[in-house]
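Engineer: Build me a model:
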Amino acid sequence: MRYFQHLCLCALASVCLAAAASDTVPYATEHVIAAGDSAAAIAEKAAKVLPRPNQSAWMRMERTFFLHFGVNTFNEVEWGSGHETPSLFNPSALDARQWLGAVKQFDGKMIVLVAKHHDGFAMWPSRYTAHSSAASPWRGGKGDLVREVADAARAADVKLGIYLSPADLYQLKTNPSNPAGYYGNGSPAVMSAIPTDPASFQSDPSRGRAPTPGFQSYRYRVNDYNRYFLNQLYELLTQYGPVHEVWFDGANPDPSVAETYDYEAWYDLIRKLQPQAVIMGKGPDVRWVGTESGYGRTTEWSVIPLPTAPAQFRWPDMHGQLGGREQLKPGSHLWWYPAETNVTMLANGQWFWARDKRPRPVTQLVDIFYSSIGRNGNLILNLSPDRRGLLPDDQVAALGQVGEIVRATFATNLAAGAQASADHAAPRH
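Structural biologist: Below is the predicted model of the structure:
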């Protein structure tokens, strides 16, 4: 659907502007608008910007899923505090295969697991914090949610994505539950081996531990919190197989505590460890559509102008109407930057399960399908397991019904065998 829309736009630009535009503009992943470019040349450059390979693979998925589950589920809140005790996390019947079965009912192609939310509780046994599933009673302290989801996704032929919150209330330096927290502690940037030897994390960060088999070690000049974050990224991106999306939230845990995220180092590590992954949120690959309603704009451009070369751009949280002919100014760098449309399965717009929350009506979920993917965005629909670690029956049933409706609607390919014709065609098109 998305590719058809882009091809139509490219064809329209070519047909309408071929008489005036240059015929020498190549297809490329970046074009720059020169000061003397005519309107036709600008339109041709915009029409000939291509996605990078990781974006093409991501866009073909169309239907993807979020999954929010953690200590917030047990407290029935949206935001944790960082004061939670790990003993709180103890699902009685967790089954990641059931989650993936629900994803498949809607023909989902990827699941993005929240591996650490803003509360800082790691859903895998991280070497770099005691605040993780290893400190919980779940699976006798041997539980690893990322492993279980990765294995279930692989068995279901669904790709894996990872959400790792830059915000971390447990590591906040003002958190009395963790007085030695790294977040905002004012530490200097020093040369650090990634992965770092946990025993010398602060005393000698240049000392590394053995890298994951099949991967290498790297060095970055970073402070304590960015070293912590890089090490958690390293664990998540080297221990669980291919990762196809890395999702960064823009939430701020406490504006009174200053911490600078070293996005450049984070992106560099992701590119080295999982080069096929797209980076979502304040990154160069995928942007947030700007609303959590599930509805994209009726005109959503994938090609947008940047004020500088992409390699020098700092990628703020860009959303809103970013494309359009009126924004294509001289000096702009044209870059493929598609939108992701996120929405909750729960009707009240919340991400974590609570006993009084119910799924959206099936009719609304079908409308969201048309208003996200149908408006040139990837849909990422959130699922919310309950305290048992299972998706409630009402969420599963709603997904199944939406899947049936969409499959029935598109069961017959009306374009198969059709021949295209036009009353006018530009030369060579």
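
Engineer: For the most centrally placed residue in the chain, which residues are in contact?
Structural biologist: The chain has residue 247 as the residue nearest its centroid, 3.4 Å off, counting by CA atoms, centre = their mean. By CB atoms under 8 Å, 6 or more residues apart in numbering, the contact set of residue 247 is 112, 161, 162, 163, 164, 280, 281. For glycine as for every other residue, the C-beta is placed from the backbone atoms N, C-alpha and C.

Engineer: Now do the same contact list for the nearest residue to the last one once chain neighbours are set aside.
Structural biologist: Yep, that's residue 281 we're talking about. Sequence neighbours aside, residue 248 is the residue nearest to residue 281 in space, at 4.1 Å (criterion: CB to CB, 6 or more residues apart in numbering). Going by CB under 8 Å, 6+ apart, residue 248 touches 163, 164, 165, 166, 266, 279, 280, 281, 282, 283.

Engineer: What does residue 248 show for phi and psi?
Structural biologist: Per-residue torsions, residue 248: phi -110, psi 130 (degrees, to the nearest 10).

Engineer: so how far is residue 78 from it?
Structural biologist: Remark: distance between residue 248 and residue 78 (CB to CB, to the nearest Å) = 18 Å.

Engineer: same question, residue 340
Structural biologist: For residue 340, the distance to residue 78 - CB to CB - is 20 Å.

Engineer: Tell me which of these two has more neighbours.
Structural biologist: For residue 340 and residue 78, the more surrounded residue by other CB atoms under 10 Å is residue 340, and the numbers stand at 24 against 14.

Engineer: Quick check: which element contains that one?
Structural biologist: Assigned by DSSP states H and E, residue 340 falls within strand 339-344.

Engineer: Which secondary structure elements does that strand sit against?
Structural biologist: Under the contact criterion of 3 or more CB pairs under 8 Å, 6 or more residues apart in numbering; DSSP states H and E, strand 339-344 touches strand 287-288, helix 362-372, strand 377-383.

Engineer: With mean pLDDT, mean neighbour count and distance to residue 313 as new columns, can the ones you listed be given to me in JSON lines?
Structural biologist: JSON lines is the format used below for the helices and strands packed on strand 339-344 (pLDDT from 0 to 100; neighbours: other CB atoms under 10 Å; distance: least, CB to CB, whole Å):
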{"stretch": "strand 287-288", "mean pLDDT": "94", "mean neighbour count": "22", "distance to residue 313": "12"}
{"stretch": "helix 362-372", "mean pLDDT": "97", "mean neighbour count": "18", "distance to residue 313": "26"}
{"stretch": "strand 377-383", "mean pLDDT": "98", "mean neighbour count": "26", "distance to residue 313": "21"}
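
Engineer: And the ones you listed: which comes nearest residue 295?
Structural biologist: Shortest distance between residue 295 and those, using CB to CB, is found for helix 362-372: 4.4 Å.

Engineer: Contacts made by that closest one with the rest, please.
Structural biologist: 63, 289, 294-296, 341, 343, 345, 359-360, 378-379, 381, 398, 401-402, 405-406.

Engineer: Of those, which count as buried by neighbour count?
Structural biologist: The neighbour-count test (16 or more other CB atoms under 10 Å) marks 63, 289, 294-296, 341, 343, 345, 359-360, 378-379, 381, 398, 401-402, 406 as buried among the contacts of helix 362-372.

Engineer: Show me the shaky parts of this structure.
Structural biologist: For the chain, the stretches with pLDDT under 70 are 1-23.

Engineer: Does residue 179 lie in a helix or a strand, and which?
Structural biologist: Using DSSP H and E, residue 179 sits within no helix or strand.
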